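Asks: test case, fold it:
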Amino acid sequence: MPHIGVSRALGLLFAFGLLTTLVWAQPQEKPASATEQDKSSPHKPAAGASAPSEYVGAEVCKTCHDDIYNAWEKSPHWKTTLDTKGGPSHQGCESCHGPGSAHVAGGGDVTKIFVFKDHSTKDIDARCLTCHAGGTEHMNAINSVHSKNDVSCVSCHSPHHAETKEFLLVKAQPQLCYSCHLAKRAEFDMPFHHRVNEGLIQCTDCHNPHGTVRPHQVRTSSTQDAVCFTCHTDKQGPFVFEHQPVKVDGCQSCHLVHGGPNPHMLKLSNINLLCLQCHTTSSFSGAPGAPSFHNQASLFQSCVLCHSAIHGSNFDPTFFK
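Replies: So this is what the prediction gives:
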């Protein structure tokens, strides 16, 4: 019995030694460094974000940029950048230019802060759209014609030195649009034109400068039809008998949209010549040709003398009144 007890004791001692060896042979986890602990901490700002301590506040900016601050203080941005819920990144100058502590510490080093004139159109638009991306006005801004031609937000808008209180434009319309669209300025100087120069309407009434899905950044009416029907509601219909060009090609099939030398801004001075572009036997439009008894030399040169409901009719398929 004593011999059996000694053997059992030796076996238990051997098993304990083997177990200890296996435990110490396992790779030990290194304690997380302070940097790694910061990365995993839920209180650490996300990648790309700036800590609240990096923001100095608009009053500090004012000490060097007094004239800019005073202009900004009178603008709509001054009210919208007092967001107390969004934290320092949504307040004051730094809501647009980014945290300013490094800029201040560097003695005004412009490379330590976002200066709009030193960045690309893509970067500028992206920064503005962090706040202005909502609503239908800016929903297609990234794909707009202006953006694709390197016309950034600050090409038309000035947060600090705007000439207009509304929309913070660098110039009032239409002079702002004429800065680039010189040919359109000549069209609005024609004898018959939309009254843009007179201030009755503005370029942005018909065009969305921030982009649309239609060509030339043209807006649509409230019913998603041509923007012309916003004012010319009597031409919209629906009609029992539609004039196909109105629905297929739009108003510009017969009219110049900005201005021209002919009454009603028609493309041609002789109305019959305009109509005969479609209403001939050789036309591929499918429109019926003019009857043989219509003397195009004189009497029937103005088709709308008889076909007065030319935009559409509820009573006659030939658009008689």
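
Asks: only C-alpha atoms from now on, for both contacts and neighbour counts.
Replies: Will do.

Asks: for the record, mean pLDDT for stretch 163-176?
Replies: Average pLDDT, stretch 163-176: 92.

Asks: now stretch 131-140
Replies: 85.

Asks: now do that stretch: distance from first to last residue.
Replies: Distance between the boundary residues of stretch 131-140 (Cα to Cα, to the nearest Å) amounts to 15 Å.

Asks: the protein: strands as residue ranges?
Replies: Applying DSSP state E to the chain gives strands spanning 192-193, 241-242, 259-260, 312-313.

Asks: want to throw those into CSV with mean pLDDT?
Replies: Formatted as CSV, the strands of the chain follow (pLDDT from 0 to 100):
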stretch, mean pLDDT
strand 192-193, 96
strand 241-242, 92
strand 259-260, 96
strand 312-313, 92
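
Asks: can I get those strands in CSV including distance to K165?
Replies: Putting the strands of the chain into CSV (distance: least, Cα to Cα, whole Å) gives the following:
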stretch, distance to K165
strand 192-193, 28
strand 241-242, 44
strand 259-260, 29
strand 312-313, 43
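
Asks: wait, which of the ones you listed is closest to A141?
Replies: strand 259-260 (27.7 Å; Cα to Cα).

Asks: can you list the residues that contact the closest one?
Replies: With Cα atoms under 8 Å, 6 or more residues apart in numbering as the test, strand 259-260 has contacts from 187-194, 265-267.

Asks: among those, who's most crowded?
Replies: H194 (23 neighbours; other Cα atoms under 10 Å).

Asks: neighbours around L256, how many?
Replies: 20.

Asks: how close does H132 sit to D125?
Replies: For H132, the distance to D125 - Cα to Cα - is 10 Å.

Asks: then N70?
Replies: 24 Å.

Asks: got it, and Q173?
Replies: According to Cα to Cα, Q173 stands 21 Å off from D125.

Asks: who has more neighbours out of these two?
Replies: D125 (21 against 17).

Asks: the residue minimising distance to the centre of the chain: what's it in contact with?
Replies: Centroid check for the chain by Cα atoms, centre = their mean gives A141 as the closest residue, at 2.2 Å. For A141, the contact set (Cα under 8 Å, 6+ apart) comprises 147, 210-211.

Asks: where in the stretch 51-200 of the chain is pLDDT low?
Replies: 51-52, 79-86 (pLDDT under 70).

Asks: all helices for it, in order.
Replies: With DSSP state H, counting those that start in this stretch as the criterion, the stretch 51-200 of the chain has helices at 58-62, 66-73, 76-80, 94-97, 101-105, 121-132, 145-148, 153-156, 175-178, 182-188.

Asks: for the second one, buried residues please.
Replies: Think helix 66-73. Residues 69, 72 are the ones in helix 66-73 that count as buried (16 or more other Cα atoms under 10 Å).

Asks: ok, now stretch 307-321?
Replies: Going by neighbour count (16+ other Cα under 10 Å), the buried part of stretch 307-321 is 307, 309-313, 318-320.

Asks: need those in CSV (columns: distance to H119).
Replies: Shown next, in CSV, are the buried residues of stretch 307-321 (distance: Cα to Cα, whole Å):
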residue, distance to H119
H307, 58
A309, 55
I310, 52
H311, 50
G312, 52
S313, 55
T318, 59
F319, 57
F320, 60
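
Asks: which single one of those residues is nearest to C61?
Replies: Nearest member of these to C61, counting by Cα to Cα, is H311, at 60.2 Å.

Asks: that closest one reaches E242, doesn't it?
Replies: Yes. Taking Cα atoms under 8 Å as the definition, H311 is a contact partner of E242 at 7.2 Å.

Asks: tell me the one of the buried residues of stretch 307-321 nearest K74?
Replies: Using Cα to Cα, H311 comes nearest to K74 of the buried residues of stretch 307-321, at 49.0 Å.

Asks: list the contacts for the closest one?
Replies: Contact partners of H311, counting by Cα under 8 Å, 6+ apart, are 235, 242-243, 246, 319.

Asks: inside helices: which ones of the residues you listed?
Replies: Among those, the residues falling in helices (DSSP state H) are V246.

Asks: which among the contacts of H311 gets closest to W78?
Replies: K235 (44.3 Å).

Asks: from F320, how far out is the nearest residue to the closest one once chain neighbours are set aside?
Replies: Closest residue to K235 apart from its sequence neighbours, by Cα to Cα, 6 or more residues apart in numbering: H311 at 6.0 Å. For H311, the distance to F320 equals 11 Å [Cα to Cα].

Asks: one more: P88?
Replies: For P88, the distance to F320 - Cα to Cα - is 68 Å.

Asks: do F167 as well
Replies: Taking Cα to Cα, one finds F167 at 47 Å from F320.

Asks: what does H255 give?
Replies: Relative to F320, H255 is positioned 21 Å away (Cα to Cα).

Asks: which pLDDT value belongs to K321?
Replies: Reported pLDDT for K321: 74.

Asks: how about it, what does it touch?
Replies: 306-309, 313, 315.

Asks: among these, which pair sits farthest apart?
Replies: Largest pairwise distance in the contacts of K321, by Cα to Cα, is 13.9 Å, between C306 and F315.
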